[in-house]
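Colleague: What shape does this take:
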Amino acid sequence: MSDDEVGDDPVRDDAVRKDATRVDSVRDEAVREEAGRDDGVPDDAATVPTAHGAPAKARKNVTIYDVARLAGVAPSTVSRAFARPGRVNAETADRIRTAAAELGYRVNPLARALSTSKTHMLALMISDVTNPFYADLIRGAQIAASEVDYTVVLADARESHVLEREGLERVLPVVEGIVIGSSRMSDSTLQMVAKQKPTIVLNRHLVGIPSVVTDNPRGMRRAVEHLGQLGHESVTYVAGPEASWADGMRWRAMREAGLELHLHTRRAGPVAPTVEGAGPPR
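Modeller: All right, here's what the predicted structure looks like:
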């Protein structure tokens, strides 16, 4: 049928227009699904796991209203069951969880954070993730966090106080607390961070901020004493990153022990804190 023929029959013209409208509607809907967006999707829309375990967007977005309808409760009760479980009796909470599982509902953590200010995320800032010293620390933090339903956001400073500060500024708004491993930032900057979110510092002692510090002076003295007892007259310290607070403490303790025990001490480095290092010590 040509374009000229469309105008010959008003009834047929109207049917053609309606068909075209339906085609446009289906096409627009397909475009929205392909783009993964829906203007009518609530903030707490769910995601449904795929066969491979990765979350995928549900064809029909499940909301707390769907869960409430299936569980026979008010939407506000569903919201409390996920945000504040202690405020919903056990039988009702179990019914809500069963309904949510049946529908494939998953709580949107960012949407929940808007109402509760709880993201259940913690930042772990590491000075250099290629340093093998931090492998067990990172794994331990993840295990401890998961046991209390928290997720660890890992950030790598790459031995740069600038990158460390920029990274913390990005994650501060979305985490509930911060763990900083061997910071390269100044004391004043760390204290500023600690004023904004609960903070724990590793391998660094700061007044007013909780910290976990190894006894570097005692350990270094014992090492030097042992070498002296073996008959050595000189000891070389292979230094790590120049900005490392712990490295400075170890070198100072070694010099003091050498003076007391009449041993000659020298410093080599710094070298990269990796298994391969950065070549021969300088």
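
Colleague: okay, now S183: neighbour count?
Modeller: S183: 27 surrounding residues under other Cβ atoms under 10 Å. C-betas here are computed from N, CA, C, even on glycine.

Colleague: Need the three-state assignment for it.
Modeller: coil (DSSP: H, G, I helix; E, B strand; the rest coil).

Colleague: can you tell me which helix or strand the nearest residue to G72 once chain neighbours are set aside belongs to?
Modeller: Distance criterion Cβ to Cβ, 6 or more residues apart in numbering; nearest residue to G72, sequence neighbours excluded, is R95 at 7.4 Å. Assessed by DSSP states H and E, R95 sits inside helix 90-103.

Colleague: Go through that helix and flag the buried ones.
Modeller: Neighbour counts over helix 90-103 (16 or more other Cβ atoms under 10 Å) mark 92-93, 95-97, 99-100, 103 as buried.

Colleague: Show me what it packs onto, helices and strands only.
Modeller: Judged by 3 or more Cβ pairs under 8 Å, 6 or more residues apart in numbering; DSSP states H and E, helix 90-103 is in contact with helix 64-71, helix 75-83.

Colleague: Give me the mean pLDDT for the shortest one.
Modeller: Confidence over helix 64-71 (mean pLDDT, whole number) is 92.

Colleague: Any chance you could list what contacts it?
Modeller: 44, 74-75, 77-79, 92, 95-96, 98-100, 102-103, 105 (Cβ atoms under 8 Å, 6 or more residues apart in numbering).

Colleague: Could you measure from the residue nearest to S127 when sequence neighbours are not counted over to E159?
Modeller: Leaving aside its chain neighbours, S127 sits nearest to S182 (4.4 Å; criterion: Cβ to Cβ, 6+ apart). Taking Cβ to Cβ, to the nearest Å as the measure, S182 falls 9 Å from E159.

Colleague: Now for those two: what residues contact both?
Modeller: Residues touching both S182 and E159 by Cβ under 8 Å, 6+ apart: S127.

Colleague: neighbour count winner among the two?
Modeller: Between S182 and E159, S182 has the larger neighbour count (other Cβ under 10 Å), namely 27 against 21.

Colleague: Just list the residues touching the more buried one, thanks.
Modeller: S182 neighbours (Cβ under 8 Å, 6+ apart): 126-127, 202-204, 244-246.

Colleague: In strands, which of those fall?
Modeller: If you go by DSSP state E, the contacts of S182 have 126, 202 in strands.

Colleague: Can I get the buried part of the contacts of S182 as one ChimeraX selection?
Modeller: This is the ChimeraX syntax for the buried subset of the contacts of S182, where burial follows 16+ other Cβ under 10 Å:
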select :126,127,202,203,204,244,245,246
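
Colleague: what would the contacts of S182 look like in JSON lines with pLDDT?
Modeller: Below are the contacts of S182 laid out as JSON lines (pLDDT from 0 to 100):
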{"residue": "I126", "pLDDT": "95"}
{"residue": "S127", "pLDDT": "94"}
{"residue": "L202", "pLDDT": "94"}
{"residue": "N203", "pLDDT": "90"}
{"residue": "R204", "pLDDT": "91"}
{"residue": "S244", "pLDDT": "89"}
{"residue": "W245", "pLDDT": "89"}
{"residue": "A246", "pLDDT": "90"}
